[in-house]
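*Asks:* Mind looking at a prediction? Sequence and model below.
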Amino acid sequence: MNDDGGVKMAFLEIRDLEVSVEGKKIINGISLDIDTNQVTALMGPNGSGKSTLAYALMGHPKYTIDSGKIIINGEDITELGPDERAKKGLFLSFQHPQEVPGVSVSNFIRTALNSLRGKPVPVPEFLKLLKEKMSMLKMDPSFASRFLNEGFSGGEKKRAEILQLAILEPKIAVLDETDSGTDVDALKVISEGINKVHEKTKMGILVITHYKRILNYLKPDRVIILAKGKVIMEGSHDLADTIETKGYKAFGIEDYEEAQVIK
Amino acid sequence: MIAKTETINIEQKKIEPKKTFQNITEELVRTISKNRNEPKWLLDKRLSALKLFNELAMPDFKYGITVKMNAIGLDYSKLDADSLLQKKSIEIENKKSKEYAKQGILILDFYEALKQKKYEDMIKRYFMTECVKAKDKITALHAALFSRGLLIYIPKGKLINGTVEIDFKVDNSLNFDNILVIAEENSKATIVENIFAANSNNKDRRENKEDSYTNSLQYRSSVIEIFANPSSNLIFCSVQNLNRETFNFSFKTALIEKDAVFNWVDACMGSKFSHAETTSLMKGSGSKTNNWGMFLADKEQQFGIHANTIHFTHNTISDMLTRGIIADNAKTIYQGLIHIQQPASQSNGYQRADAILMSDTAEADVIPMLEIDNSDVRCTHGSTVGQIDKEKLFYLMCRGMNEKTAGKELIRGFYEQMLARINIKELTGILRAIIYERLGIEQESIIYGEKNQ
């Protein structure tokens, strides 16, 4: 933790965060620094609070912050709405993105980009950008005119999330189980896409996952393990290997099934 | 406001000058008819309708379960009945009517049609006889005072390419408009009726938004009757965008014969108060109908929307789908009825209505009704009245859109999804212009892909 004076602050600082959902405490005091140009993997059994942390970071109205702070670039954003957080550089790739019937992929992303930039992006410039990023993610051009996420396969939804990431270029991207629902080939394309954005923009990444698969591509600088709403361990890439082979039991925490019961 | 009966003598005008219906006299009806050189049967039809009008009480429009509408301010004596004496025609671009004529479709002003025996017989037989009858105060008044109309005749086997567009400019104080469509066997056409106030144009609106909505009191009554003969394939779309002082009443009925396919698209956007009925009478086996509705009510607007499908015979299929937005202090009531009659075995009826409330003071009732007199049928309905989906709103806001922009985008999508399903280019164009203007979205800022055009 680098909150002492004189040490450079991380872009995103989470301080003693406690979060509850519908009166039930899920996050029990988490402090975490996520900096730009850094890849952090967040692992843990189901019900450990990973997705809750992601939603709380974005300011979902159902997730009540009981105490603690979220700080971006030195500014306390705990009270800000999701749109303001996005403008400050936060991005969440959803595990289950919402369908937006009647709004095409291209219109959706352009409205988002206009909102973030605070001024309209000329259509030709936008279309050029869209085309470039879609081709990076090996997406068919017809994809742009489909209604966002409506009737998309699991893999298509994730690709659409990363397409938004690639165009909106946040400072910190929280990727909530971007690997779930994708096949091996799609995961490779998506991961390579994320890496390209990372290389270009030096964004920080907080990748939430159950599996090592995606980490083979994203190569996290560190791995953090969450259980019962607390950080119980922080380590290098090796931690993910241990989880993969020995399960969470190796760390003395409930395995998957037990965690489910608690949840 | 409600006057039961009125005696038509000039003296009474002097005694009770504020009587609501003082303008509506036998003399007026006779003059309207005379000015138009109408045949006697038509004058008689008007006079018997006037008699009925005088006998009937004014409806109070207080339908709905929790929402009560009220036609406050509807005072016929404040309307200028003399405006009916003037003969006005309906705008159809000349070039286009020629084009339609070339394809064999006939679009005739009622009074042109009446000059030819064949079409006079047609009007005599079909006009306000089977589809929309003078059944209440409002329809009786319409039959007594109608002042302009179109006869659209599509001969046997004629397939009309493209869309027939009809512009209804509503510029009188009192307006009684008709469209009578007769589609013969195996014919096919798409008709788009665009109804707008005389002084409404986009430029005026942009420059002086509020003023364009506060025009003078107008009354508009419309009767649309469709005869879809066997194996015909017709779509009739109506976009109503009247000014915010207009009381609007519309009665649309289609009689659908064997193996015919008939679809309604009814978009209720403008007016102060609207009572809109859209009815499909499924008379022939193997017939199909879609009833697509859209509405957008804001400020003080009140809409009562009634969609009815009556299955008279076996193997008939109906699908009703309505979507609406209610904002500010607006009130809407949607009533959808599927009536499957006893002989209508193996029929299929489906209806769905979704309304989104945009403010705490907006009110909406959605009332789906099923009447099923035969057990060998399939019939389902569903309806929702709610607010914008909070999870969707959160998703959009996570991408940087503020709550207002995110809400607009979701509403735009709500309508765009309907437009994509209906998929009629001209209709889409007209409705987008209205909806986007009302939502405050610059249409130029939207990218239309091939699929969503």
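*Replies:* Perfect, I can see it now.
*Asks:* Strands along the stretch 351-453 of chain B, start to end?
*Replies:* Ranges of strands in the stretch 351-453 of chain B, per DSSP state E, counting those that start in this stretch, are B:363-372, B:378-386.
*Asks:* ok, the residue of chain A found nearest chain B - how many residues close by?
*Replies:* Sorted by distance to chain B under Cβ to the nearest Cβ, the residues of chain A start with A:S145, at 2.2 Å. Heads up, the C-betas are built off the backbone N, CA and C, glycines and all. A:S145 has 17 neighbours, counted by other Cβ atoms under 10 Å in any protein chain shown.
*Asks:* Tell me if I'm right that it and A:S106 touch.
*Replies:* Yes: using Cβ atoms under 8 Å, A:S145 is in contact with A:S106, at 6.5 Å.
*Asks:* Grab the nearest non-local neighbour of residue 32.
*Replies:* Went with chain A since none was named. A:I14 (4.4 Å; Cβ to Cβ, 6 or more residues apart in numbering or on different chains).
*Asks:* sorry, should have said chain B
*Replies:* Using Cβ to Cβ, 6+ apart, the nearest residue to B:I32 is B:L84, at 5.5 Å.
*Asks:* which bits of chain B sit near chain A?
*Replies:* B:389-392, B:394-403, B:405-406, B:409-410, B:412-418, B:420, B:445-452 (Cβ under 8 Å from any Cβ of the partner chain).
*Asks:* Whichever of those end up buried, select them in PyMOL.
*Replies:* Selection command for PyMOL covering only the buried members of these, criterion 16 or more other Cβ atoms under 10 Å in any protein chain shown:
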select buried, chain B and resi 392+394+395+396+397+398+399+400+401+402+405+406+409+410+412+413+414+415+416+417+418+420+446+447+449+452
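*Asks:* Relative to B:I179, how far out is A:V100?
*Replies:* Here the criterion is Cβ to Cβ, to the nearest Å. By it, A:V100 lies 37 Å from B:I179.
*Asks:* For the residue nearest to A:L53 when sequence neighbours are not counted, give me its contacts.
*Replies:* Once flanking residues are discounted, A:L53 sits nearest to A:I27: 6.0 Å by Cβ to Cβ, 6+ apart. Shown in contact with A:I27 (Cβ atoms under 8 Å, 6 or more residues apart in numbering or on different chains): A:17-20, A:49, A:52-53, A:56, A:229.
*Asks:* Need phi/psi at the closest residue to B:F127 other than its chain neighbours.
*Replies:* Using Cβ to Cβ, 6+ apart and skipping residues adjacent in sequence, the residue nearest B:F127 is B:L180, 5.6 Å away. Main-chain torsions, B:L180, degrees, to the nearest 10: phi -120, psi 120.
*Asks:* can you pull the pLDDT of B:L180?
*Replies:* pLDDT recorded at B:L180 is 98.
*Asks:* if I look at the residue lying closest to B:S33 once chain neighbours are set aside, how far off is chain A?
*Replies:* Nearest non-adjacent residue to B:S33, counting by Cβ to Cβ, 6+ apart: B:L43, 4.3 Å away. Using Cβ to the nearest Cβ, to the nearest Å, B:L43 is found at 50 Å from chain A.
*Asks:* Which parts of chain A are strands?
*Replies:* A:12-21, A:24-34, A:39-43, A:63-72, A:75-76, A:90-93, A:172-176, A:204-208, A:222-227, A:230-235 (DSSP state E).
*Asks:* Redo those strands as CSV? Include mean pLDDT and distance to B:K331.
*Replies:* Output for those, formatted as CSV (pLDDT from 0 to 100; distance: least, Cβ to Cβ, whole Å):
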stretch, mean pLDDT, distance to B:K331
strand A:12-21, 97, 36
strand A:24-34, 96, 40
strand A:39-43, 97, 49
strand A:63-72, 97, 35
strand A:75-76, 96, 44
strand A:90-93, 98, 39
strand A:172-176, 98, 42
strand A:204-208, 98, 46
strand A:222-227, 95, 50
strand A:230-235, 94, 52
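*Asks:* which ones are touching the residue in the stretch 201-350 of chain B positioned nearest to chain A?
*Replies:* Nearest residue of the stretch 201-350 of chain B to chain A (Cβ to the nearest Cβ) works out as B:R323 at 10.1 Å. By Cβ under 8 Å, 6+ apart, the contact set of B:R323 is B:293-295, B:353-355, B:414-415, B:418.
*Asks:* Can you pick out the most distant pair from these?
*Replies:* B:A353 and B:Y415 (14.4 Å; Cβ to Cβ).
*Asks:* that older thread, so which of the contacts of B:R323 is the closest to B:D80?
*Replies:* Using Cβ to Cβ, the contacts of B:R323 come closest to B:D80 at B:F295, 28.7 Å.
*Asks:* Just confirm that closest one contacts B:I325, I think it does.
*Replies:* Yes: contact criterion Cβ under 8 Å: B:F295 and B:I325 qualify, at 7.5 Å.
*Asks:* Does the residue nearest to B:S33 belong to a helix, a strand or coil?
*Replies:* Classification of B:L43 using DSSP: H, G, I helix; E, B strand; the rest coil returns helix.
*Asks:* The one 10 residues further on now?
*Replies:* Secondary structure state of B:F53, per three-state DSSP, is helix.
*Asks:* burial of it, as a residue count?
*Replies:* 25.
*Asks:* if I look at it, how far off is B:L74?
*Replies:* Per Cβ to Cβ, B:F53 is found 15 Å from B:L74.
*Asks:* repeat for A:K62
*Replies:* According to Cβ to Cβ, A:K62 and B:L74 sit 46 Å apart.
*Asks:* neighbour count winner among the two?
*Replies:* Legend: neighbour count by other Cβ under 10 Å for A:K62 and B:L74, higher for B:L74 (19 against 13).
*Asks:* For B:S221, see how far away that one is.
*Replies:* On the measure of Cβ to Cβ, B:L74 and B:S221 end up 12 Å apart.
*Asks:* same deal with A:V223?
*Replies:* From A:V223 across to B:S221, the span is 73 Å (Cβ to Cβ).
*Asks:* Stretch A:126-133: which residues count as buried?
*Replies:* For stretch A:126-133, burial by neighbour count (16+ other Cβ under 10 Å) applies to A:126, A:129-130, A:133.
*Asks:* Same list (the residues you listed) but as JSON lines, adding distance to A:L218 and pLDDT.
*Replies:* Below are those laid out as JSON lines (distance: Cβ to Cβ, whole Å; pLDDT from 0 to 100):
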{"residue": "A:F126", "distance to A:L218": "28", "pLDDT": "96"}
{"residue": "A:L129", "distance to A:L218": "23", "pLDDT": "97"}
{"residue": "A:L130", "distance to A:L218": "24", "pLDDT": "97"}
{"residue": "A:K133", "distance to A:L218": "18", "pLDDT": "97"}
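*Asks:* which of the residues you listed sit farthest apart?
*Replies:* Of all pairs drawn from the buried residues of stretch A:126-133, the widest gap by Cβ to Cβ lies between A:F126 and A:K133 and measures 10.7 Å.
*Asks:* which neighbours do the two share?
*Replies:* Counting by Cβ under 8 Å, 6+ apart, A:F126 and A:K133 have no contacts in common.
*Asks:* Format the strands of chain A as a markdown table; extra columns: distance to B:S347.
*Replies:* Output for the strands of chain A, formatted as a markdown table (distance: least, Cβ to Cβ, whole Å):
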| stretch | distance to B:S347 |
| --- | --- |
| strand A:12-21 | 47 |
| strand A:24-34 | 50 |
| strand A:39-43 | 56 |
| strand A:63-72 | 49 |
| strand A:75-76 | 63 |
| strand A:90-93 | 48 |
| strand A:172-176 | 47 |
| strand A:204-208 | 52 |
| strand A:222-227 | 57 |
| strand A:230-235 | 61 |
